[in-house]
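Visitor: structure for the following, please:
(one chain, ligands or ions: 3)
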Amino acid sequence: MATHRIAVIPGDGIGKEVIAEGAKVLRALERLEPHLRLRLTRFAWGCDWYRKHGEVMPADCLEVLARFDAIYLGAIGDPANVPDTIAQHALLNLRKGLDQYACVRPALLLPGVRSPLAGQAPGAIDFIVVRENTEGEYAGTGGRLYRGTPKEVAVQTSIFTRAGTERIIRYAFALAGRRKRRRLTSVTKSNVQQYSMVFWDEVFWAVAREFPDVQAESMLADAACMNFVRAPERFDVVVASNQFGDILTDIAAAIVGSLGLAPSANINPSRALPSMFEPVHGSAPDIAGQGIANPLAAILAAEMMLDFLGERRGARRIRRAAMAVLAEGKALPADLGGQARTAEVGAAVLHHLREAGRA
Ligand code: NAD
Ligand code: IPM
Ligand code: MN
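Guide: Numbers count the residues shown, from 1 in each chain. Ligands and ions are numbered 1, 2, ... in the order given. Sure, this is the predicted structure:
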């Protein structure tokens, strides 16, 4: 019998609201899958913690989390009260410190969900963005001089290492090789960023030679943004740097219906340290506390977590239950055009989970 130790960090704003529903789904699944044991340990880290303790997460958070098999995260951020750079430094510290170098963000148009793009049928948009998650534009190197004076200088340096670039590109090729269409698009801005992005392109084409079965292409980032909107069906797997991946995945979420539906996995493929699963979205201060956030991105992140932990059947059960809620269309949250509250969407997922479990 497998016991998976899961660190749960609900975080801030709607992070708390959506993780509450995701945790209920995990608990319900445990009752349906007799062999499945999930030991959930909750950590109240985030911006409330910062106000009390002066830090977003304790200094030893990486050592604490290293003892878990996976991390289930809501969102971090309370920009009205805590500087966002402080809050997000804590989040990036987890992704980097646990060497979760592959950020995997699927974009699939599910039945029952309407894309804002005209004429897109369910399944027509079906791609995965693989985002570099430990370096690049998010390296955090730079500084400021002469603050507040006319001669002020700000420098923010991207870092692209050969090891870091090769491993993310190889991960994306391997993923593309396991998919039906076996197509990989690398997104850069190498017409302008003549050092980092030309280097990325060189690594991309060198690694491409190891994967002759995968159709490889390179696309400029501005064109990729346009093509996500104009012809999203042409993409299969997309690989991009940390910041380009961030931007592309908000577009990807929007074209498959909503940010409230988009899950994300921060993977350490070595499994030496835990991987982390979270929605693509943030703490959404504009709707936090109202009980109207869509919990499905968080619930689908739980599906990705179980799949990564080798619990494929449990993962499939969650996915089917979420899909049943969408297809039925009775308990849709506001971002999908419905009126259901967060807890009602969660309850509908639980209902379908249990119904399918009985069948
Ligand atoms: P956001 O993703 O929180 O929200 C963007 C918009 O999408 C808002 O209008 C919000 O209401 C809506 N939205 C997001 N998730 C939704 C859901 N589940 N259901 C319905 N609507 C949803 O982005 P933001 O407003 O730019 O950022 C808010 C805070 O979150 C900032 O502090 C930011 O740094 C942080 N953030 C954290 C993470 C994370 O922890 N992984 C990710 C993104 C943003
Ligand atoms: C995301 C978020 C984060 C990122 C922020 C909050 C640090 O936007 O997970 O997409 O840029 O990676
Ligand atoms: Mn983002």
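
Visitor: please count neighbours and contacts with C-alpha atoms only from this point.
Guide: Noted.

Visitor: show me where the stretch 101-250 of the chain has its helices.
Guide: With DSSP state H, counting those that start in this stretch as the criterion, the stretch 101-250 of the chain has helices at 162-177, 196-208, 221-230, 242-255.

Visitor: angle of the first one against helix 196-208?
Guide: This means helix 162-177. Orientation note: helix 162-177 sits at an angle of 50 degrees relative to helix 196-208 (axes from the mean of the first three to the mean of the last three CA atoms, to 10 degrees).

Visitor: the third one too?
Guide: Orientation of helix 221-230 against helix 196-208 (the same axes, to 10 degrees) gives an angle of 70 degrees.

Visitor: now do helix 221-230, average pLDDT.
Guide: For helix 221-230, the mean pLDDT works out to 98.

Visitor: now that helix - C-alpha only, CSV.
Guide: Extracted C-alpha coordinates of helix 221-230, given in CSV (Å, rounded to 0.1, in the frame of the first residue of the first chain):
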residue,chain,number,x,y,z
ALA,A,221,7.7,34.8,-29.5
ASP,A,222,5.6,37.5,-31.0
ALA,A,223,4.5,35.3,-33.8
ALA,A,224,3.8,32.5,-31.3
CYS,A,225,1.4,34.7,-29.4
MET,A,226,-0.4,35.5,-32.6
ASN,A,227,-0.5,31.9,-33.6
PHE,A,228,-1.9,30.8,-30.2
VAL,A,229,-4.9,32.9,-31.0
ARG,A,230,-5.0,32.5,-34.8
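
Visitor: going forward, count from 26.
Guide: Let's use 26 as the start, then, which means that last one is helix 246-255.

Visitor: tell me the angle of that helix relative to helix 267-280?
Guide: Using the same axes, to 10 degrees: helix 246-255 against helix 267-280 is 10 degrees.

Visitor: just to revisit the earlier point, and residue 329, which of the helices of the stretch 126-275 of the chain is closest to it?
Guide: helix 187-202 (14.7 Å; CA to CA).

Visitor: pull out the buried positions in that closest one.
Guide: If you call a residue buried by 16 or more other CA atoms under 10 Å, then helix 187-202 has these buried ones: 189-202.

Visitor: ok, now stretch 132-145?
Guide: 132-135, 137-140, 145.

Visitor: from those residues, which is closest to ligand 2?
Guide: residue 132 (13.7 Å; CA to the nearest ligand atom).

Visitor: what sits against that closest one?
Guide: By CA atoms under 8 Å, 6 or more residues apart in numbering, the contact set of residue 132 is 150-154, 277-278, 281, 287.

Visitor: re earlier: a markdown table for the buried residues of helix 187-202, including distance to ligand 1 and pLDDT?
Guide: Shown next, in a markdown table, are the buried residues of helix 187-202 (distance: CA to the nearest ligand atom, whole Å; pLDDT from 0 to 100):
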| residue | distance to ligand 1 | pLDDT |
| --- | --- | --- |
| 189 | 21 | 98 |
| 190 | 22 | 99 |
| 191 | 25 | 98 |
| 192 | 23 | 98 |
| 193 | 20 | 99 |
| 194 | 23 | 99 |
| 195 | 25 | 98 |
| 196 | 22 | 99 |
| 197 | 21 | 99 |
| 198 | 25 | 99 |
| 199 | 26 | 98 |
| 200 | 23 | 98 |
| 201 | 25 | 98 |
| 202 | 28 | 98 |
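
Visitor: looking at these, which is nearest residue 99?
Guide: residue 193 (24.4 Å).
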